[in-house]
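Asks: Sequence and predicted structure below; questions after.
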Number of protein chains: 2
Amino acid sequence: MTAWQIVEDGFDPVLANTNETLFTTGNGYLGTRGALEEGHEGALPGTFLRGVFDHHDCAVIDLVKAPDWVALEIVVNGVRLDVTTASVVRHRRVLDMREGSLSRETVFSDSEGRRTRVETIRFVSSADEHLCCLRARITPENHTASIDVHSGIDATRHNLDRRPFYPEPPPADPQMKWHKWAKSRHLDEVARTGFADGVYLETRTIGTGITIGYAACTTVSAPVEPEIAQRYKQIEQVSRLRVAAGETISVEKLVTIYTSRDVAAENVGRTARDELRRHRDTGFTACQERNRAAWAARWADSDVTIDGDTDATRMVRFSIYELLIAANASDQRVNIGANALTGERYRGHAFWDTEVFMLPFFIYTQPETARALLLYRYHTLDGARQNARETGFRGARYAWESADTGVEETPKWTIDGTHRIWMGEEEIHITSAVAYGLVAYVAATGDHALMTDFGAEILFETSRFWADRLEATPDGRYVLSRVVGPDEFHEHVDNNAYTNYLVRWHLQQAARVYAELSDSNARELKALSERIGLTRDEVEDWLDKAEQTRLPAVTDDGVIEQFDGYFELATLPVEHDDNDMPMYPPGHHHYNLAGTKLLKQADVVMLTYVLPDEFSDEAKLANYEYYEPLTLHKSSLSPATHSIMSIEVGDPGRAVQYFRRAASVDLVDNQGNTEEGIHIASAGGTWQMLVNGFGGFRVRNGQMTFKPWLPPDWKAIAFRLKWHGNALSVSANHTAATFVLSAPEGHRETILVHGREVVLPADTEVVVRLD
Amino acid sequence: MTAWQIVEDGFDPVLANTNETLFTTGNGYLGTRGALEEGHEGALPGTFLRGVFDHHDCAVIDLVKAPDWVALEIVVNGVRLDVTTASVVRHRRVLDMREGSLSRETVFSDSEGRRTRVETIRFVSSADEHLCCLRARITPENHTASIDVHSGIDATRHNLDRRPFYPEPPPADPQMKWHKWAKSRHLDEVARTGFADGVYLETRTIGTGITIGYAACTTVSAPVEPEIAQRYKQIEQVSRLRVAAGETISVEKLVTIYTSRDVAAENVGRTARDELRRHRDTGFTACQERNRAAWAARWADSDVTIDGDTDATRMVRFSIYELLIAANASDQRVNIGANALTGERYRGHAFWDTEVFMLPFFIYTQPETARALLLYRYHTLDGARQNARETGFRGARYAWESADTGVEETPKWTIDGTHRIWMGEEEIHITSAVAYGLVAYVAATGDHALMTDFGAEILFETSRFWADRLEATPDGRYVLSRVVGPDEFHEHVDNNAYTNYLVRWHLQQAARVYAELSDSNARELKALSERIGLTRDEVEDWLDKAEQTRLPAVTDDGVIEQFDGYFELATLPVEHDDNDMPMYPPGHHHYNLAGTKLLKQADVVMLTYVLPDEFSDEAKLANYEYYEPLTLHKSSLSPATHSIMSIEVGDPGRAVQYFRRAASVDLVDNQGNTEEGIHIASAGGTWQMLVNGFGGFRVRNGQMTFKPWLPPDWKAIAFRLKWHGNALSVSANHTAATFVLSAPEGHRETILVHGREVVLPADTEVVVRLD
């Protein structure tokens, strides 16, 4: 197993759903879980198309489980080749992250000892986002076989509507796991037809009216005429073959997918079939080559390596792979759901995870994708306005859970109706996360046009919300009561440090941008101000309120109180599990820790990370040392922040432990729910741990700065950054850091390395000794 | 549509599940819901084998949804013929109750206008309870077709584990209805093989270890060699045919089913295959003829007709049909679940419904089956002993919900954990229902051996329970506190009239039987007494306690108080719906009526029906008139009792209305849940309405008595009764009743008709004028 591969050896029903998640292939337009082509009992297959949401027949809007394009059924002498009907002699699958493909070799045996080998490879093309490809090679090893190959499109998939297991525990039986959930229906069939050399299936989402068309053609390396077969919402080509012992037949399946989000609804079918014909004419191998080339380009910008630790490199690459298949630059009206396009947990909804955890990766390695993600916030600004209005405030408040329109999608109750969910109302710091992403993007890219054309309106409308949401006190100060910070153990708190600091910063940034635009883009600013009724007085009011926003108490030691009254809460001892990770105290769980100091995840520590210029090194250290022992890391977002800050404060004893925890959250399933989807924010956090943590990269005062620190076992790390349209290659070992700037001739960039200025000329290797 | 037929015209997805229930075919050994052979989206198919329970993977023990033997898939030119994939030109199904068969004609059309007619007929043999038969005729009407016929066994069925819909309403979408329930797994596959001319599938229940074997062979009227196909837990024969336009091919499928409840586990497969071969050698038509003959014999003993009302005859016949397919005489270790073998609601559990509502039908028309049902109570006596012991009492207490062992299976909580269910602890009147059934059976059949060999032990052990359960008061009387009577609106009540009267009667019957056996079977009684440690003193104690059992207060008008304090409860006005049936008062539902006088179902009225000798005509009238307006009939058991008693008390104004309500509960689905199974107790109540209500039949002092009364619109009714091994044919019109006794020559029977003695010689028509 190389550092480019994730491998499954043998078929284990207990691990099967987790591996379906890990083996997702995708391209940002769609993601397809790595279910076996023929399925298995207990399988949780799924293809998700970005932006295709529907609210029919479910409690909360869903990212729709779209039809399955992978479906390939091989029947040998009447026996369907699947892990239940036949026996598995050998089984191995490999996810090749370098080229985004999933390959497989399974040898099946029937009850009479007839062995048949099935090898497949599949990918969702990164060269053409509407194209999916699958090739199978079938070899009857020791017998002459009648082989029927069924290859088609299956629209019988349903989203799951999770219901509580109480009073029973969830089923351990892997076959039954998903039978215990209710299912929702989102798709009506519109058309199902065979055409020359292929099949076409069109469905439409019932609530949102999105048309989805799949065209598929399958060719077989034998002179047979495939038949068309139809059942329920499935249509397929069936090839009936006679294959001699030891001979191999090859089956190539190409599928194109279009929706009415891409082309007009009435053109979906024609476009899908036309494009399919075009790809078929070039052939499977050409499609594969184009996909490889596209992946090579992506990796050239995004790869990170750890010399001396293949496992760690694989973990980081897996995180990057997941980020690369989660989004691309071609759609400004979608964001990344909490499980990206790998599963239906969180129903495809986007959270603050995008801006705070994932966006840095995109800003510094795929800035066009970062831009598209930020424009999603612009296109959902009306939804954010509605959220503010509906809670009685001016301006715009971004949704804690955001789907297609940006209106708040957080349910108010758990599905069993027993627990009130307050995040939609109280976890308002999401709105400042959007500003944080915008500002970071513009600083790194110099893309001021985005700020002028879109970002300013976001900053101004959200500042309006803050100015209205801040509550005046008799002493002329402003407070924020009844909020939830990143640490969700404590609801309805007043003056959460993270939130108040970010709000102050947010208002200041808005005023700064307003001032800058007054100088540089007065005409555009005037038009915008007229459109949204903004005056200079209002901007000054923001600055006043920022100035007067009450910040939390600070102890003599520099510890910031997480919220009003936090220091008075009970202290509970924390035990650690076998992996040295903290556990819930006996008798406690997430819902009854509000009276204690224990934290779900980094909160003040997070604050010192996201606003590095606002806190001294001493303050960062004091807060890290105070809060770290109180943090249970019951969110996959927490270890990454702690890893990074432990290095920054010079206490990196647990940095590697936290790194492994965050980087392997899905590969070893340490949250126990990877089967339902990737923890994509943790993937973003993993990249940040490498680049911002071990690489020590920060942007301070608009400048790139580096303070690399490597664990003793690692020889070197290497990563790439984009900066104002240029590319910087960075590597560091224990004694030196090496920089190569790719930029137009004559361009030079000044950076800080461990506080010292270093000038980087274009295309020149610069080695800086670390001491 | 004749009075022998139930018809479905056209396919309506909204009615489809209800019709699946109505079109169940069965024979007491198994029941198969009337799902379409090929299924439909939203189908709820099911085959249930009597006594095959399992407790794996579910909250409460389930009657297992066994493999499907009907599965027949017809693929014409690649298009699967089902109501979604093809269009339905014409569709009609007929349940022929006379011969227990379900026939069908459906014409499908594909998108190119190619029409194919499918005609099927199926039955579960009443001549051989292990045999199921299906014949299909397929005719491509206007095209020459490639037809693939898939015929096999499908073990992928799952029981549903009902979960609450709260906070959402249940789905209206018929496709999704059952997707909202969780599923339970009960079957492991043991073997799946093709053999000469057929296929065999063997499964085993996971919790209870019952082996289930299905052998199937399918023959086609064309010279093709069927192929075997296997997928997951399915195995089938596939016949690939070429059929000319207008030609008909015929497909005959025979299936045998055996379990390790029938033969030793290791012989299940061999027996199923051997028996299959035997049936196949005689052929489908011969199987059909034997089944018809068996049904003719059953109907000869059980038919009821209403001259002048075809609809009413059909309704009564449907009830009888359901009773005939619910049980047979060949298994003493099973009872009839609340939905018989037609659905999984109530999980196959038996209630008091059997003895009080259904047993009379069997006693008087199929006494061997009645005997088997009573022996189930004997074989579960150890379970009943355990129930008593576990609640701290001596003797035996029958379970409110009884499955395979007789231990209490009533869940203590609703599945969502929000409501406590008290029936298992408090609805103790079930135990006296068993005694009621025993005594009635022996009185009607003269089968004293059953009482000596089995019934006495039941009566004695249950009397022990009562003697211990009765609570002594300081005045030397005995009370029963904290019980629930038939009216379940009122829980934790003291001295429920129905319960206390029945307990007194029960103790008296036990003492009577003890005395009779002392005379007639002293040796057997001695052996039994020794075995269970019974003394004459204990029996005398029962009589004392019976004597001293406190009976409820009676008003000056003769109204019996339903339980202590009932008369003090609030009176709420009752509104009636469009069908003139009472509705819940606004703001009230079953769970908040305990403070009112309103009743779920007959309680005191029921009492005056089941113990007719204990109450005067005046008392019956007074109680009927008092309680009838307070009864909401929120149980399918209630209208039948009211119908019968309204006639007895001479106030039959609503008798026909109640009759139609009870008799059509499933045919018009007036409880709204027929889709989940037949209300089999209501079927028993319907037979009683005809025979005991309109026929006015009672057994008083060991003698048959009749007081016929007919609604003005009916011309005549006719029914049959078995009495001490002989058969009595009864018919009545508005002016006369006619009796024919089939008995050995010389035998004569004296009956009472409207209080007058009538002597019936054998085989002689006796006409009695009614005035």
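Replies: Yep, it's here.
Asks: quick one, strands of the stretch 551-700 of chain A?
Replies: Counting by DSSP state E, counting those that start in this stretch, one finds strands in the stretch 551-700 of chain A at the ranges A:698-700.
Asks: What parts of the stretch 101-250 of chain A come near chain B?
Replies: Taking Cβ under 8 Å from any Cβ of the partner chain as the criterion, the stretch 101-250 of chain A approaches chain B at residues A:111, A:146, A:158, A:161, A:163-164, A:166-168, A:171, A:173, A:175-176, A:179-185, A:193-194, A:227-233, A:238. Any C-beta I mention is one placed from the backbone N, CA and C, and that applies to glycine too.
Asks: Give me the neighbour count for the residue of the stretch 501-650 of chain A found nearest chain B.
Replies: Distances from the stretch 501-650 of chain A to chain B, computed as Cβ to the nearest Cβ, single out residue A:591 as the nearest residue at 16.6 Å. Residue A:591: 9 surrounding residues under other Cβ atoms under 10 Å in any protein chain shown.
Asks: residue contacts, it?
Replies: When contacts are counted by Cβ atoms under 8 Å, 6 or more residues apart in numbering or on different chains, residue A:591 is found next to residue A:419.
Asks: Kindly recompute the last result at 10 Å.
Replies: Residue A:591 makes contacts with A:419, A:489, A:491, as judged by Cβ atoms under 10 Å, 6 or more residues apart in numbering or on different chains.
Asks: Surely the first one touches residue A:413?
Replies: This means residue A:419. Yes: with contact defined as Cβ atoms under 10 Å, residue A:419 counts as touching residue A:413 (6.9 Å).
Asks: that older thread, neighbour-wise, which one of the contacts of residue A:591 leads?
Replies: Counting neighbours by other Cβ under 10 Å, residue A:489 leads the contacts of residue A:591 with 24 neighbours.
Asks: What distance do you get for that one to residue A:561?
Replies: 15 Å (Cβ to Cβ, to the nearest Å).
Asks: swap in residue A:503?
Replies: For residue A:503, the distance to residue A:561 under the criterion Cβ to Cβ works out to 17 Å.
Asks: Between these two, which has more neighbouring residues?
Replies: Comparing residue A:503 with residue A:561 by neighbour count (other Cβ under 10 Å), the higher total belongs to residue A:503, at 29 against 18.
Asks: That one should be in a strand, yeah?
Replies: No: using DSSP: H, G, I helix; E, B strand; the rest coil, the assignment for residue A:503 is helix, not a strand.
Asks: which stretches of the stretch 201-350 of chain A form strands?
Replies: Using DSSP E, counting those that start in this stretch, strands in the stretch 201-350 of chain A cover A:211-220, A:227-231, A:234-243, A:249-259, A:305-307.
Asks: one step back: which members of the residues of the stretch 101-250 of chain A next to chain B are classed as buried?
Replies: Applying 16 or more other Cβ atoms under 10 Å in any protein chain shown to these, the neighbour count classes A:158, A:161, A:163-164, A:168, A:171, A:173, A:175-176, A:179-185, A:193-194, A:227-233, A:238 as buried.
Asks: In contact with the closest residue to residue A:451 other than its chain neighbours, which residues?
Replies: The shortest distance from residue A:451 to any residue other than its chain neighbours is 5.0 Å, reached at residue A:442 (Cβ to Cβ, 6 or more residues apart in numbering or on different chains). Residues near residue A:442 by Cβ under 10 Å, 6+ apart: A:363, A:374, A:448-452, A:455, A:513.
Asks: and residue A:442, what are its phi and psi?
Replies: Note on residue A:442: its backbone torsions stand at phi -70, psi -40 [degrees, to the nearest 10].
Asks: what's the burial count for residue A:338?
Replies: Here the neighbour count serves as a burial measure; for residue A:338 (other Cβ under 10 Å) it reads 21.
Asks: still on that earlier bit, will you turn the strands of the stretch 201-350 of chain A into TSV that also has mean pLDDT and distance to residue B:207?
Replies: TSV is the format used below for these (pLDDT from 0 to 100; distance: least, Cβ to Cβ, whole Å):
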stretch	mean pLDDT	distance to residue B:207
strand A:211-220	97	42
strand A:227-231	93	34
strand A:234-243	96	34
strand A:249-259	98	42
strand A:305-307	97	51
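Asks: tell me what the helix or strand bottoming out on mean pLDDT in chain A is packed against?
Replies: Using mean pLDDT, DSSP states H and E, strand A:182-184 stands out as the lowest-scoring helix or strand of chain A, at a mean of 85. Packing partners of strand A:182-184 (3 or more Cβ pairs under 10 Å, 6 or more residues apart in numbering or on different chains; DSSP states H and E): strand A:62-66, strand A:159-161.
Asks: Can you say which of these is packed in most?
Replies: Most buried of the helices and strands packed on strand A:182-184, by mean neighbour count (mean count of other Cβ atoms under 10 Å in any protein chain shown): strand A:62-66, with a mean of 28.
Asks: got the angle for it vs strand A:249-259?
Replies: Here strand A:62-66 points in a direction 150 degrees away from that of strand A:249-259 (axes from the mean of the first three to the mean of the last three Cα atoms, to 10 degrees).
Asks: what's strand A:62-66 packed up against?
Replies: On the basis of 3+ Cβ pairs under 10 Å, 6+ apart, strand A:62-66 makes packing contacts with strand A:30-32, strand A:47-54, strand A:159-161, strand A:182-184, strand A:187-195, strand A:198-205, strand A:211-220.
Asks: Quick one: list the elements packing against the first one.
Replies: What it means is strand A:30-32. Identification of packing neighbours for strand A:30-32 by 3+ Cβ pairs under 10 Å, 6+ apart yields strand A:25-26, strand A:47-54, strand A:62-66, strand A:115-124, strand A:131-140, strand A:249-259.
Asks: Can you list the strands that the fifth one pairs with?
Replies: Under the criterion DSSP bridges, strand A:131-140 sits next to strand A:115-124 (antiparallel), strand A:249-259 (antiparallel) in its sheet.
Asks: Turn those into CSV, including mean neighbour count and distance to residue A:356.
Replies: Formatted as CSV, the entries for the strands paired with strand A:131-140 read as follows, by neighbours: other Cβ atoms under 10 Å in any protein chain shown; distance: least, Cβ to Cβ, whole Å:
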stretch, mean neighbour count, distance to residue A:356
strand A:115-124, 22, 27
strand A:249-259, 24, 30
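Asks: which ones are touching residue A:265?
Replies: For residue A:265, the contact set (Cβ under 10 Å, 6+ apart) comprises A:190, A:202, A:204, A:209-213, A:259.
Asks: Filter those down to the buried ones.
Replies: Buried members of the contacts of residue A:265, counted by 16+ other Cβ under 10 Å: A:202, A:204, A:210-213, A:259.
Asks: Of the residues you listed, just say which sits nearest to residue B:352.
Replies: Taking Cβ to Cβ as the measure, residue B:352 lies nearest residue A:204 of those, at 51.6 Å.
Asks: Which single residue in the stretch 601-750 of chain A comes nearest to chain B?
Replies: As assessed by Cβ to the nearest Cβ, chain B sits closest to residue A:676 within the stretch 601-750 of chain A, at 16.7 Å.
Asks: same for the host helix or strand of residue A:741, what does it pack against?
Replies: Under DSSP states H and E, the secondary-structure element containing residue A:741 is strand A:736-742. In this structure, strand A:736-742 makes packing contacts with strand A:703-706, strand A:716-723, strand A:726-733, strand A:748-753, strand A:756-761, strand A:765-769, judged by 3+ Cβ pairs under 10 Å, 6+ apart.
Asks: ok, now with 7 Å
Replies: Applying 3 or more Cβ pairs under 7 Å, 6 or more residues apart in numbering or on different chains; DSSP states H and E, one finds that strand A:736-742 contacts strand A:726-733, strand A:765-769.
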